[in-house]
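*Asks:* A predicted structure for the sequence below; I have some questions about it.
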Amino acid sequence: MNSEIINKTEEYVKNKLQGEGTGHDWWHIHRVRNTALRLGEIEKADLFIVELAALLHDIADHKFHDGDEEIGPATAWNWLENLGVDEAVIRKVCIIIRDVSFKGAGVETTMESIEGKVVQDADRLDALGAIGIARAFAYGGHKVRELYNPEIKPESHTTFEAYKKSTGPTLNHFYEKLFLLKDRMNTMAGKKEAEKRHQFMKGFIDQFLSEWDGNFEL
């Protein structure tokens, strides 16, 4: 029964997000699911809840629905309810979906369950490293944001509303979110991998800034 629910949910999500161009596509879901399951095994989490939450965590992202924070959990609830999933499981999955996202430098996003912690770590790992860099610029292009503007300084958002309204250049996003993630990981394995990806990302930004003014040594 659980495997049938997973298979139907995978197909549902794949059909909905396949070909999406902002970095929140099916392959993002695929990577997060795989990472979350690996972390979940280490942490002895309920892998059914982990897999459902990972598959559905971006099913209706607030970024693409006028900032609506409830549409994601509501969409997931309706889908799982129609599949006959136990209400206690649905509730746990939807809490994870509600709380998984980064909401600003000054906003806490604590996960209570171990299932939530591994899904959150998996989602954050996909925002780091080489893939994280690619996703950041893909989303910035989608939002028609400048790559970088040294006249616009990064902000430390103290509320989710302020974070959602941010329109700064893509490079600012590294300082406003991505460089903060390694210190917000929940699991030991997640922290270790986040540190590696963080260092890679820092090297990229250092190189980007060194090239910015068009100067180089022969």
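*Replies:* Sure thing, it's come through. Residues are numbered from 1 along each chain as shown.
*Asks:* and the longest helix for this structure?
*Replies:* Across the chain, the longest stretch assigned as helix under DSSP state H is helix 188-211.
*Asks:* list the contacts of that helix.
*Replies:* By C-beta atoms under 8 Å, 6 or more residues apart in numbering, the surrounding residues in contact with helix 188-211 are 38-39, 42, 118, 121-122, 124-125, 128-130, 132-133, 148, 171, 174, 178-179, 181-182, 185. In this view, the C-beta of every residue, glycine as well, is placed from N, C-alpha and C.
*Asks:* give the burial count for A74, as a bare number.
*Replies:* 15 (other C-beta atoms under 10 Å).
*Asks:* contacts for the host helix or strand of it, please.
*Replies:* Using DSSP states H and E, A74 falls within helix 71-82. The contact list for helix 71-82 (C-beta under 8 Å, 6+ apart) reads 5, 9, 12, 52, 56-62, 65, 87, 89-90, 93-95, 97-98.
*Asks:* on that earlier part again, select only the buried ones of the contacts of helix 188-211 in PyMOL?
*Replies:* This is how PyMOL selects the buried members of those, with burial counted by 16 or more other C-beta atoms under 10 Å:
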select buried, resi 39+118+121+122+124+125+128+129+132+133+148+171+174+178+179+181+182+185
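*Asks:* sitting in helices, which of the contacts of helix 188-211 do you find?
*Replies:* Those of the contacts of helix 188-211 lying in helices (DSSP H): 38-39, 42, 118, 121-122, 124-125, 129-130, 132-133, 171, 174.
*Asks:* extract the CA atoms of the helix holding A74 and return them as CSV.
*Replies:* Provided in CSV are the C-alpha atoms of helix 71-82 (Å, rounded to 0.1, in the frame of the first residue of the first chain):
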residue,chain,number,x,y,z
ILE,A,71,-1.2,26.5,-0.6
GLY,A,72,1.6,24.0,-0.4
PRO,A,73,0.4,22.1,2.7
ALA,A,74,-3.2,22.4,1.4
THR,A,75,-2.4,20.9,-2.0
ALA,A,76,-0.5,18.1,-0.4
TRP,A,77,-3.3,17.4,2.1
ASN,A,78,-5.9,17.1,-0.6
TRP,A,79,-3.7,14.8,-2.7
LEU,A,80,-2.8,12.5,0.2
GLU,A,81,-6.4,12.5,1.6
ASN,A,82,-7.7,11.4,-1.9
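*Asks:* and the angle from the following helix or strand past that helix to helix 71-82?
*Replies:* Proceeding N to C from helix 71-82, the next assigned helix or strand is helix 87-99, under DSSP H and E. Angle, helix 87-99 to helix 71-82, by axes from the mean of the first three to the mean of the last three C-alpha atoms, to 10 degrees: 160 degrees.
*Asks:* just the mean pLDDT for helix 87-99, thanks.
*Replies:* Across helix 87-99, the average pLDDT comes to 94.
*Asks:* can you offset everything so residue one is 13?
*Replies:* Taking 13 as the first residue, the last one we looked at is helix 99-111.
*Asks:* so where's this structure uncertain?
*Replies:* Scanning the chain for pLDDT under 70 picks out 72-80, 116-119.
*Asks:* try it again with 80
*Replies:* Scanning the chain for pLDDT under 80 picks out 72-81, 114-121, 169-177, 227-230.
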